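Enquirer: Give me a 3D structure for the following:
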Amino acid sequence: MNQVQTLKGQAALVTGADSGIGKGVALALAMAGAKVIINHIDAHEIAQQTVDEITAAGGEAYAIHADVSNEADVQAMFAEMYKQYGTVDILVNNAGLQRDSKFVDMTIEQWNTVIGINLTGQFLCSREAAREFMRRGVVEGRSKAAGKIICMSSVHEVIPWGGHVNYASSKGGVMMLMKSMAQELAPHKIRVVSIGPGAIQTHINQAAWSTPEALNSLLTLIPYNRIGEPDDIGKLAAWLASDEADYITGTTIFMDGGMTLYPGFADNG
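Expert: From the prediction side, this is the model:
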């Protein structure tokens, strides 16, 4: 751990942290000095590899299984975190998935699964974290805020996405969940923000970048002409959780190489 320890002494929970963006965020928070809970649902061995990577670099991490769409699982996860680290200072609501389908063919299971993990999961985890933040309050010398909640949204909180109605709806919901929480919790010195990733090179969208043809097609949507990496999101999350970002709450920061600039209009439409 060789960078400035802006999060030293703080305890962080990252949901869906066994791979992809979640792993990138967990590694970055650990590099910044936080003790990190690596949440996973059915990937203990993979999650443990992330734990081992953090501890080998001199950090502290612990893996906990929980389905974030299940209230009992979430409450048990927070209870186990408190046994390990005593409290929580940072929550990163990262767990998410896709169940893609044409709208007219979409099943209620596909809809409920995506809404359950991507939106209800963020509600359940945020509620537990906010309760602890309010109980504990600001700890002098640790953070200017009583707690920080970072919601992982998407460019699809603003860009419609045919064939992915459940996913886009979940991210639109995350936007208003984040803003409403931020409005209500700000007087308690709790900050709530979202990160809106664009195309990030992870397993969830492997088909979009795994061949030269697919990648070239994807890059037509990205003015900056590169696909993002989990480390990009991780660095932003670590900064947002730090006191350097103490005056930021209630907004989404897009990290998308310009995807939300609607590049189809770059040549006058």
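Enquirer: Could you use CA atoms for every contact and neighbour count after this?
Expert: Noted.
Enquirer: contacting residues for Lys148?
Expert: Neighbour list for Lys148: Asp89, Ile90, Leu91, Ile190, Arg191, Val192, Ala241 [criterion: CA atoms under 8 Å, 6 or more residues apart in numbering].
Enquirer: doesn't it fall inside a helix?
Expert: No. Counting by DSSP: H, G, I helix; E, B strand; the rest coil, Lys148 is not part of a helix but strand.
Enquirer: just to revisit the earlier point, what is the nearest of the contacts of Lys148 to Gly116?
Expert: Leu91 (18.0 Å; CA to CA).
Enquirer: The strand or helix carrying that closest one pairs with which strands?
Expert: Per DSSP states H and E, Leu91 falls inside strand 90-93. Using DSSP bridges, the strands paired with strand 90-93 are strand 11-14 (parallel), strand 147-152 (parallel).
Enquirer: now the last one, how far from the chain's geometric center?
Expert: Relative to its chain's centre, strand 147-152 lies at 8 Å (CA atoms, centre = their mean, to the nearest Å).
Enquirer: Bridge partners for Ile64, pull those for me.
Expert: When bridges are taken as DSSP bridges, the partners of Ile64 come out as Asn39.
Enquirer: Send me the strand holding Leu91 as CSV with only the CA atoms.
Expert: Taking Å, rounded to 0.1, in the frame of the first residue of the first chain, the C-alpha atoms of strand 90-93 are listed here in CSV:
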residue,chain,number,x,y,z
ILE,A,90,-18.1,3.8,3.4
LEU,A,91,-20.7,1.8,1.4
VAL,A,92,-20.3,1.2,-2.3
ASN,A,93,-23.5,-0.2,-3.8
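Enquirer: Can you name the residues in contact with that strand?
Expert: Residues from elsewhere that reach strand 90-93 (CA under 8 Å, 6+ apart): 10-15, 121-122, 125-126, 129, 147-152, 241.
Enquirer: Pipe the strands paired with strand 90-93 into a markdown table and attach mean pLDDT and distance to Ala61 per row.
Expert: Putting those into a markdown table (pLDDT from 0 to 100; distance: least, CA to CA, whole Å) gives the following:
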| stretch | mean pLDDT | distance to Ala61 |
| --- | --- | --- |
| strand 11-14 | 98 | 9 |
| strand 147-152 | 98 | 19 |
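Enquirer: what's the closest of those to Asp246?
Expert: Of all the strands paired with strand 90-93, it is strand 147-152 that lies closest to Asp246, at 9.4 Å by CA to CA.
Enquirer: Right, I'll leave it there.
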